[in-house]
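I need the structure of the sequence given here:
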Amino acid sequence: MLYPDRFEYARPRDLGSAIELISKVRNHLVIAGGTVGVLMLKRRVLRPEIVVDVARIPELGGISLGGSGVASIGATAHISELERATESSTSPSSSLLSAAARAVGDVALRSMGTVGGNVSLGDPSNDLPPALMVLDAVAVIAGPGGVRRQPVRSLYRGPLRTAMGPDELLTRVEFHEAPARSSWYYGKRVIRSLDHSVASAAALGSVVDGSPVDLRMALGGRAFAVPRALDLEDLRGARPSAAVDEVVARAKSACSCTSDAYGTAAYKSAVVESLVEDAMSALGVRAR
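Sure thing, here's the model as predicted:
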């Protein structure tokens with residue numbers, strides 16, 4: 001059995017108190033679901049002076065989808081809550097998020113893990129970031145200087161590194177509902193069940209006569225150093241086969257396709273190509 005080092009534990013009841021704590025003690029760990037943090041404590045990968053549990057802060061919870069055209073998902077909402085909130089909706093945004101939420105681990109992990117943890121950890125194999133990227137979601141971040149808004153597309157700076165400061169907390173993610181005519185896709189490839197994904201892809205868009213009118217795609221998984229949103233605006237109206245070939249080429253260019261425990265560089269490149277072709281086909285853009 002693994003045991004962590006000794007540490008102080010705090011459970012603040014409001015956001016201001018939490019920000020004050022993590023600002024005062026630089027060597028801290030913030031947890032809500034604790035699916036990753038607690039394991040790292042037990043393995044002594046992390047040895048914080050204080051663990052700050054934000055799970056019961058009211059401002060960080062709740063899910064609101066579609067009522068005003070702007071959806072809001074609290075950082076401490078469990079992934080299983082997001083799964084339940086979106087599973088009966090027919091809107092493209094909710095359907096995409098539902099698929100991404102269902103792809104996270106197993107039932108136990110989704111019941112403990114939080115949206116904020118999945119988004120803010122910076123693990124490229126996490127499922128929610130690519131889906132939120134194609135929804136043009138914004139991360140609402142609180143710190144000593146107040147609240148700021150950061151596009152999820154620009155949140156990730158490297159493996160397990162984000163644009164958030166050490167004294168900042170993700171409070172929620174927000175996005176505008178996608179047009180009802182949009183098609184969507186979420187898929188990933190794993191070697192074994194519950195493994196980190198080799199690659200994942202989220203896509204959203206509208207197609208007329210097989211050609212993209214609005215096309216968004218984001219990629220994740222261990223084939224990428226960070227979740228990556230592709231810039232595809234210039235492909236509006238492109239011939240279907242040319243659009244597919246170009247998106248595949250851009251996805252491969254973004255891939256950190258080096259050989260490791262998750263496969264050879266060639267294997268990862270082939271997986272990325274397969275995912276992109278599946279995503280484009282699901283949106284109605286087919287090479288043949």
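
What is the neighbour count of A266?
Neighbour count for A266, taken as other Cβ atoms under 10 Å: 10. To be clear about C-beta, it is placed using only N, CA and C from the backbone, and glycine gets the same treatment.

could you list every residue that touches I31?
G37, V38, V51, V52, D53, V54, A55 (Cβ atoms under 8 Å, 6 or more residues apart in numbering).

Spatially central residue in this protein, please.
P129 (1.6 Å; Cα atoms, centre = their mean).

what about that residue, helix or strand, and which?
For P129, the element it lies in under DSSP states H and E is helix 128-134.

May I have the helix or strand following that helix as PDB, with CA atoms only?
Once helix 128-134 ends, the next helix or strand along the chain (criterion: DSSP H and E) is strand 138-143. C-alpha atoms of strand 138-143 as PDB (Å, rounded to 0.1, in the frame of the first residue of the first chain):
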ATOM      1  CA  VAL A 138     -13.700  29.600 -22.900                       C
ATOM      2  CA  ALA A 139     -12.100  28.700 -19.600                       C
ATOM      3  CA  VAL A 140     -13.200  31.100 -16.800                       C
ATOM      4  CA  ILE A 141     -10.200  31.400 -14.500                       C
ATOM      5  CA  ALA A 142     -10.100  33.100 -11.100                       C
ATOM      6  CA  GLY A 143      -7.000  34.400  -9.300                       C
END
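
Check which strands are paired with strand 138-143 and give the direction for each one.
strand 146-151 (antiparallel), strand 169-176 (antiparallel) (DSSP bridges).

Grab the nearest non-local neighbour of the residue nearest to the centre of the chain.
P227 (4.1 Å; Cβ to Cβ, 6 or more residues apart in numbering).

I'd like to know which elements the lowest-mean-pLDDT helix or strand in the chain is packed against.
Comparing every helix and strand of the chain by mean pLDDT, DSSP states H and E singles out helix 37-42 as the least confident one, with a mean of 86. Helices and strands touching helix 37-42, by 3 or more Cβ pairs under 8 Å, 6 or more residues apart in numbering; DSSP states H and E, are strand 28-31.

All the helices of the protein, residue numbers only.
Using DSSP state H, the helices of the chain run over 15-24, 37-42, 79-86, 92-102, 107-112, 115-120, 128-134, 240-254, 265-283.

Quick check: mean pLDDT of the fourth one?
Averaging pLDDT along helix 92-102 gives 96.

angle of that helix against helix 79-86?
Here the directions of helix 92-102 and helix 79-86 differ by 150 degrees (axes from the mean of the first three to the mean of the last three Cα atoms, to 10 degrees).

Tell me how far stretch 62-81 lies from the chain's centre.
Between the centre of stretch 62-81 and the centre of its chain there are 14 Å (Cα atoms, centre = their mean, to the nearest Å).

cool, stretch 223-236 as well?
14 Å.

Identify the bridge partners of L170.
With DSSP bridges as the rule, L170 is bridged to I141.

That one touches A139, doesn't it?
Yes: with contact defined as Cβ atoms under 8 Å, L170 reaches A139; the gap is 5.7 Å.

which residues do these two both contact?
With Cβ under 8 Å, 6+ apart as the test, L170 and A139 both reach V119, S120, M164.

I figured V272 hits A251, correct?
Yes: the criterion here is Cβ under 8 Å, and V272 meets it with A251 at 5.2 Å.

Mutual contacts of those two, please.
Counting by Cβ under 8 Å, 6+ apart, the residues touching both V272 and A251 are L219.

show me what contacts the nearest residue to S111 once chain neighbours are set aside?
For S111, ignoring the flanking residues on the chain, the nearest one in space by Cβ to Cβ, 6+ apart is S80 at 4.7 Å. Residues in contact with S80 (Cβ under 8 Å, 6+ apart) are A101, V107, R110, S111.

returning to what we had before: could you single out the most deeply buried of the helices of the chain?
The highest average neighbour count among those, using mean count of other Cβ atoms under 10 Å, belongs to helix 128-134 at a mean of 29.
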